[in-house]
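**Q** The following block contains a protein sequence and its predicted model.
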Amino acid sequence: MQDAVVIIPTFNEIENIDAIIEAVFSQEKAFHVLVVDDNSPDGTADKVRELQSKYPDALFLEVRKEKSGLGTAYIHGFKWCLERTYEYVFEMDADFSHNPKDLVRLYNACHEKGAALSIGSRYVKGINVVNWPLSRIILSYGASIYVRLITGMRINDSTAGFICYHRSVLESINFDDIKFIGYAFQIEMKFKAYLKHFKIVEVPVIFTDRTKGQSKLSTGIISEAIFGVVSMKFKSIFNK
């Protein structure tokens, strides 16, 4: 039985989806792939269905009715994975900002080195970002510093979305309690694992901004992260 599955959330990723799926399946370690598509009008889901004939037992597709946010897409994927026997569940973007070659490194950090949560980190060894404008680097790096100060987590890249979870982490979290859907979702998931004292490690990766398709980043997502962190920290204090 395959022990690892990669969740790839999509909305209008027709330019990337076939290449990223092929790249995941070309790795030396075998992974399954679950695409969670938010009913993309560009035909992303149809492209995945075409590829399912090539990978009938390894490529899976869940199509939601509408675009409902990154966090809810991942939660949908987590629930699907936990209904099966996977031990390791990954988050990865469709746009090649996360290098599929790093999947094995994240897997090994959990499977061989005992981490419950491994993070593909842009900031654990300097700033490893390619093709981002300086303003976005400052925003992202500054957000990670801000999160460390507010939450006390010793994580350099708290907004990272390239992650490997051991299933025990996901089983310990009540997904109905997750409040955020954007950048803050990534922070909230890490914070819940941190509060439960799971072993968290950061694996240095190089993040390369997308060259095809459109970014989903918005000012609303950013403000959610900024204000959500304070709310999250206060709730953790009063819930002790």
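**A** Sure, I can see it. Quantities reported herein were computed from a predicted structural model and do not represent experimental measurements.

**Q** For the helix or strand harbouring Gly120, which strands pair with it and how are they oriented?
**A** With elements taken from DSSP states H and E, the one containing Gly120 is strand 117-121. Counting by DSSP bridges, the strands paired with strand 117-121 are strand 163-166 (antiparallel), strand 200-204 (parallel).

**Q** so for the longest one, what's the average pLDDT?
**A** What it means is strand 200-204. Strand 200-204 comes out with an average pLDDT of 98.

**Q** Buried ones in stretch 160-169, by neighbour count?
**A** Ala160, Gly161, Phe162, Ile163, Cys164, Tyr165, His166, Arg167, Val169 (16 or more other Cβ atoms under 10 Å). Any C-beta I mention is one placed from the backbone N, CA and C, and that applies to glycine too.

**Q** end-to-end on it?
**A** 17 Å (Cα to Cα, to the nearest Å).

**Q** Following the strand holding Gly120 in sequence, what is the next regular element?
**A** Following strand 117-121 toward the C-terminus (DSSP H and E): strand 129-130.

**Q** who touches that following strand?
**A** Arg122, Ile137, Ser140, Ile206, Phe207, Thr208, Asp209 (Cβ atoms under 8 Å, 6 or more residues apart in numbering).

**Q** now with 6 Å?
**A** For strand 129-130, the surrounding residues in contact (Cβ atoms under 6 Å, 6 or more residues apart in numbering) are Arg122, Ile137, Phe207, Thr208.

**Q** Max pairwise distance over those residues: which two?
**A** Ile137 and Thr208 (13.0 Å; Cβ to Cβ).

**Q** hang on, the earlier thing: for the strand holding Gly120, which positions count as buried?
**A** For strand 117-121, the neighbour count (16+ other Cβ under 10 Å) marks Leu117, Ser118, Ile119, Gly120, Ser121 as buried.

**Q** where does this protein dip in pLDDT?
**A** Across the chain, the ranges flagged by pLDDT under 70 are 1, 210-226, 238, 240.

**Q** Could I get the full set of strands for it?
**A** Assigned by DSSP state E, the chain shows strands spanning 4-10, 32-37, 59-63, 88-91, 117-121, 129-130, 163-166, 200-204, 207-208.

**Q** May I see the ones you listed organised as CSV, with distance to Leu82 added?
**A** Below are the strands of the chain laid out as CSV (distance: least, Cβ to Cβ, whole Å):
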stretch, distance to Leu82
strand 4-10, 10
strand 32-37, 12
strand 59-63, 13
strand 88-91, 8
strand 117-121, 15
strand 129-130, 32
strand 163-166, 10
strand 200-204, 20
strand 207-208, 28
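
**Q** Kindly reformat the strands paired with strand 117-121 as CSV and extend each row with distance to Lys29.
**A** Listed next are the strands paired with strand 117-121 as CSV, based on distance: least, Cβ to Cβ, whole Å:
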stretch, distance to Lys29
strand 163-166, 11
strand 200-204, 14
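
**Q** what about Pro56, how many neighbours?
**A** 9 (other Cβ atoms under 10 Å).
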